[in-house]
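Trainee: Okay, here's the prediction I keep looking at, along with the sequence it came from:
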Protein chains: 2
Amino acid sequence: MDYPSPIAKLINSFSKLPGIGSKTAARLAFYVLEMPEADVSYFAQALINAKRDLKYCSVCGNITDTDPCMICSDKGRDQSTILVVEDSRDVMSMEKMQEYHGCYHVLQGVLSPMEGTGPEDLNIASLIKRLQNEEVKEVIVATNATAEGEATAIYLSRLIKPAGIKVTRLAHGLSVGSDIEYADEMTLFRAIEGRREL
Amino acid sequence: MDYPSPIAKLINSFSKLPGIGSKTAARLAFYVLEMPEADVSYFAQALINAKRDLKYCSVCGNITDTDPCMICSDKGRDQSTILVVEDSRDVMSMEKMQEYHGCYHVLQGVLSPMEGTGPEDLNIASLIKRLQNEEVKEVIVATNATAEGEATAIYLSRLIKPAGIKVTRLAHGLSVGSDIEYADEMTLFRAIEGRREL
């Protein structure tokens, strides 16, 4: 015997999401059956609306429901600095810090020969165009501290530096609050390499 | 800055699901944006349909889209044995085994004084009614091997035995394929207690 079709379809939909196996999908689907009807309708509508109303900002490539996005159209922000990130969630992390007041550019991925992602698959062309048109003085490359993120940072720096624009990279080192004992060798090496005078 | 409203609403919906925190909810929501539109509509429709079309079987309390459910209306099944489980997912686990051909009864929970769940909150009254009307010879109590599951099993046995119906409980012991080295004391104790002659 299989599950009745309505629940089987819901389990199937949940199990298509990343990191959700068939057991978790079943648990989530049964949880939905216990939810108030209004919450379920809200959820269904949120799915439809998110897919329908969201697009990428034509300037920075961030996910948005207005074009240009709220950050690009905010004239109060420093237009001379562009912080380059891998995806829209990184923009949110930076914004939560509330200390960065420049602009962003979202690559929508990283260079990855393993997965066949080349420069033409990323949102790089529009970055170059922005650098030509706007008064940008500094590009901060904030790709992840992974091999792919590093490679993408180096690629971007080689591409942008010749135009006379300053290219910087986020500092690597110990996380705030972390123990040296538990830090990996690579992080310790970067922390020593990037040491600063007190 | 917050996420644009359509994605914020979707993240909010995902984060209401059990075991999904705000970071996972954001990851799932962004994944939905990359999904084909047809899959997203299917997902939304599955949510609505599951909530609208599914109900509890009036006989056994299993989740179903027909009443009585497919198992209760299957005359080929052994009507003299009822296997009592905590929820509908347990019925599926039993059915996957393909070795049990009797009927089921779904309690929709367990006795739990901690959570304020008493016998009147469970699907017990309808079980007693079945036992009075139908030709039941054995009730197999297959609640989980937890403290609450055990207490519920004992409660049911005291309730049903006086009517002259055999009440059994699933065997406790070592999982098939498991190492004695890693078994906990309680499981080992039950395994010794329930030992069988070779």
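Mentor: Received the coordinates, thanks. Numbers count the residues shown, from 1 in each chain, chains lettered A, B, ... in the order given.
Trainee: C-terminal to the helix ranked longest in chain A, what's the next element?
Mentor: Using DSSP state H to define each element, chain A has its longest helix at helix A:37-53. As assigned by DSSP states H and E, the chain's next helix or strand after helix A:37-53 is strand A:55-56.
Trainee: what packs against that following strand?
Mentor: With contacts defined as 3 or more Cβ pairs under 8 Å, 6 or more residues apart in numbering or on different chains; DSSP states H and E, the packing partners of strand A:55-56 are strand A:63-64. Every residue, glycine included, has its C-beta placed from N, CA and C.
Trainee: on that earlier part again, by how many degrees do the longest helix of chain A and helix B:37-53 diverge?
Mentor: Taking axes from the mean of the first three to the mean of the last three Cα atoms, to 10 degrees, one finds that helix A:37-53 is oriented at 170 degrees with respect to helix B:37-53.
Trainee: Tabulate the CA atom coordinates of helix A:37-53 in PDB.
Mentor: Below are the C-alpha coordinates for helix A:37-53, written out as PDB (Å, rounded to 0.1, in the frame of the first residue of the first chain):
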ATOM      1  CA  GLU A  37      -5.800  25.900   6.900                       C
ATOM      2  CA  ALA A  38      -4.900  29.600   6.800                       C
ATOM      3  CA  ASP A  39      -1.200  28.900   7.300                       C
ATOM      4  CA  VAL A  40      -1.200  26.200   4.600                       C
ATOM      5  CA  SER A  41      -2.900  28.600   2.100                       C
ATOM      6  CA  TYR A  42      -0.400  31.300   3.100                       C
ATOM      7  CA  PHE A  43       2.500  28.900   2.400                       C
ATOM      8  CA  ALA A  44       1.100  27.800  -1.000                       C
ATOM      9  CA  GLN A  45       0.600  31.500  -2.000                       C
ATOM     10  CA  ALA A  46       4.100  32.400  -0.800                       C
ATOM     11  CA  LEU A  47       5.500  29.700  -3.100                       C
ATOM     12  CA  ILE A  48       3.600  31.000  -6.100                       C
ATOM     13  CA  ASN A  49       4.300  34.700  -5.300                       C
ATOM     14  CA  ALA A  50       8.000  34.200  -4.700                       C
ATOM     15  CA  LYS A  51       8.400  32.400  -8.000                       C
ATOM     16  CA  ARG A  52       6.300  35.000  -9.900                       C
ATOM     17  CA  ASP A  53       7.300  38.300  -8.300                       C
END
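Trainee: Flag every buried residue along the top strand by length along chain A.
Mentor: When chain A is parsed with DSSP state E, its longest strand is strand A:78-85. For strand A:78-85, burial by neighbour count (16 or more other Cβ atoms under 10 Å in any protein chain shown) applies to A:Q79, A:T81, A:I82, A:L83, A:V84, A:V85.
Trainee: Just confirm the first one contacts A:Y104, I think it does.
Mentor: To tie it back to what came earlier, the one meant is A:Q79. No - taking contacts as Cβ atoms under 8 Å, A:Q79 lies outside contact range of A:Y104: 11.6 Å.
Trainee: List the residue ranges of chain A that fall below the pLDDT cut-off.
Mentor: Applying pLDDT under 70 to chain A flags residues A:1.
Trainee: what about the helices in it?
Mentor: Using DSSP H, the helices found in chain A span residues A:5-15, A:22-34, A:37-53, A:88-97, A:125-133, A:147-160, A:185-193.
Trainee: tell me the domain ranges of chain A?
Mentor: Domain assignment for chain A by automatic domain parsing gives A:5-53, A:76-169.
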